[in-house]
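Student: With the sequence up front, the predicted model follows.
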Amino acid sequence: MSRSFLGVASNYSRYKNSTVAFQTIRRISTTQPLSEKQEVNITFVKASGEIIKTKGKVGDTILDIVVNNEIDLDGYGACEGTLTCSTCHLIFTKEVYDSLPDKPTDEELDMLDLAYELSDTSRLGCQIVMTKELDGIEVRVPSTLNDARS
């Protein structure tokens, strides 16, 4: 019985020493911390001609940028990005539209069919994820919004 007790005590001692060593190694890790997301610029041009320049982060949707910066676009993003309205309808230049990383889904196209001032370069801001390549884009905000949920 004393042999088994000594064996357990010996194993515990080895476990305790390796745990302490692991914790020490973990504290002095030289791994670089995750960098913050890169900042991107976007300009909104309202139908009135008012220009709103703001910033967001790579990985944010345009809807996120509007909400996070408390940009006053009356009724914009009413469904909070659930693809059940068309209030975040934006119009892009052909060049920017063609450079967007993802093409519109059928669900987005269905919502766009309900939007006012629809154009060939219309998209929903909730579906556009900002990338480094989209830094500095300019988007036009239609004069009226249509909440398809109404």
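Tutor: Yep, it's here.
Student: Outside of stretch 92-106 itself, list whatever touches it.
Tutor: 112, 120-124, 127-129, 131, 133-134, 137-140 (CB atoms under 8 Å, 6 or more residues apart in numbering). For the C-beta atoms, the positions are set from N, CA and C on the backbone; glycine is no exception.
Student: Name the residues of it that are buried.
Tutor: Phe92, Val96, Tyr97, Leu100, Pro104 (16 or more other CB atoms under 10 Å).
Student: Now intersect those residues with the helices, please.
Tutor: Val96, Tyr97 (DSSP state H).
Student: possible to save the buried residues of stretch 92-106 as TSV with pLDDT?
Tutor: Shown next, in TSV, are the buried residues of stretch 92-106 (pLDDT from 0 to 100):
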residue	pLDDT
Phe92	98
Val96	97
Tyr97	98
Leu100	96
Pro104	97
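Student: biggest separation within the buried residues of stretch 92-106, which pair?
Tutor: Among the buried residues of stretch 92-106, the pair separated by the greatest distance (CB to CB) is Val96 and Pro104, at 14.0 Å.
Student: Can you verify my assumption that Leu63 contacts Cys126?
Tutor: Yes. The pair Leu63 / Cys126 is scored as a contact, 4.1 Å apart, by CB atoms under 8 Å.
Student: What is the subsequent helix or strand relative to the one helix or strand Leu109 maps to?
Tutor: Using DSSP states H and E, Leu109 sits in helix 106-112. Downstream of helix 106-112, the first helix or strand assigned by DSSP H and E is strand 122-124.
Student: who does the very next helix or strand once past that following strand pair up with?
Tutor: Beyond strand 122-124 on the C-terminal side, the first helix or strand identified by DSSP H and E is strand 137-140. Strand 137-140 has the following strand partners under DSSP bridges: strand 39-45 (parallel), strand 89-92 (antiparallel).
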